[in-house]
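S.K.: pasting the structure only:
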C-alpha cells in the first residue's frame, strides 16, 4: 500500500515529538463535561488504542480531533502545530482521516463512487486509480464488489469500505471509531489484520474499540477512558495483564 508522505518510525523520533498530542482537552455537551482535561500522545508508526465503557468519551475525543466538535479548553497538536478550531476539510488536507462509528457510507453510491469521494481533495486521476488499486489489495472483497451499491454490502464489507474511503485521502494519521461494531467475528479478524497492514505501510493509527481484547492485542500502547478522564495508560500488553482491566473489560 502506498503512502503519500515519508513517515518517521517510533525508533527515529529522536526529538520525542509526537505526531498527535492532546493536552488537558476539555469538551462540553451543553452543561455536561464530556472530556475533563484528557492528555495523550500518539507517535509516528504506532497503533494506539483508546478503550473504555460506552459514554466514556472515546468518540468525543476523535470528533474533537477532526473538528466535528468544538473544544472548551486545552490543546490539540498535529505535527507539532495547533489544529484546534480548524475545519474538518483542512484537517483532511493536513493528513488526518476518520473512519466514523456506524461507517456512514453512502448506500446509494457504488463502492467505487464511495472510494472516489474519499479522495475528493486529490484531483490526480492516476493517483486516485492507484490508491483504489491499493484498497482492493488491502480488502479483496471490495474489488469484487466495485460496481455494487454500498447499501447492498454486509456490515463487515461496509466497515472495510469506510476504512478504505478514509485511506483514499492518503492520511498520515487514521482515526478508527469502533471498527468491530456489529460485525461477524470472521470479518472482524480480517479487518484487524488489515489494520496491522495499514500501520506497517506507515500510517499512524488511533483506535477506538469496544472489543478490548482485540484492541490491546493490535495496539502497542493504550489509554483507558473513564467518564471523560484518562484512568490508566501504558503498554497494551501491560494493560492486558492488569487485574483491573481484566475484571472490567476482559471478563477476567
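M.R.: Everything's here; your move. Model, not experiment: these values are computed from the prediction. Numbering: from 1, shown residues only.

S.K.: Residue 228 is in contact with residue 33, isn't it?
M.R.: Yes. Using Cβ atoms under 8 Å, residue 228 is in contact with residue 33, at 6.1 Å. Glycine gets a C-beta too; all of them are placed from N, C-alpha and C.

S.K.: And the two? Which one has more around it.
M.R.: Between residue 228 and residue 33, counted using other Cβ atoms under 10 Å, residue 228 has the larger neighbour count: 22 against 16.

S.K.: gap between that one and residue 167?
M.R.: As judged by Cβ to Cβ, to the nearest Å, residue 228 and residue 167 stand 30 Å apart.

S.K.: same deal with residue 154?
M.R.: In terms of Cβ to Cβ, residue 154 sits 20 Å off from residue 167.

S.K.: between these two, who's got more neighbours?
M.R.: Applying other Cβ under 10 Å to residue 154 and residue 167 shows that residue 167 carries more neighbours, namely 26 against 13.

S.K.: for the more buried one, what are its contacts?
M.R.: Contacts for residue 167 (Cβ atoms under 8 Å, 6 or more residues apart in numbering) come out as 1, 97, 118, 131, 134-135, 138, 174, 198, 203.

S.K.: which among these gets closest to residue 181?
M.R.: When those are ranked by distance to residue 181 (Cβ to Cβ), residue 174 comes first, at 16.7 Å.

S.K.: The closest one reaches residue 202, doesn't it?
M.R.: No. Contact criterion Cβ under 8 Å: residue 174 and residue 202 do not qualify, at 10.7 Å.

S.K.: how deep is residue 196 tucked in, by neighbour count?
M.R.: If you count neighbours by other Cβ under 10 Å, residue 196 ends up with 14.

S.K.: quick one: what helix or strand has it in it?
M.R.: Assessed by DSSP states H and E, residue 196 sits inside helix 185-200.

S.K.: Outside of that helix itself, list whatever touches it.
M.R.: 1, 45-47, 138-139, 154-157, 159-160, 163, 167, 174, 176, 179-180, 183, 205, 207, 211, 214, 218.

S.K.: Among those, which are located in helices?
M.R.: The helices, defined by DSSP state H, take in 138, 155-157, 159-160, 163, 167, 214, 218 from those.

S.K.: Just the buried ones from these?
M.R.: Neighbour counting with 16 or more other Cβ atoms under 10 Å marks 138, 156-157, 159-160, 163, 167, 214, 218 as buried within these.

S.K.: Any stretches of the chain with poor pLDDT?
M.R.: 1-15, 123, 251-252 (pLDDT under 70).

S.K.: any idea which of the ones in helices among the contacts of helix 185-200 is closest to residue 236?
M.R.: Within the ones in helices among the contacts of helix 185-200, the smallest distance to residue 236 is 8.0 Å, found for residue 218 (Cβ to Cβ).
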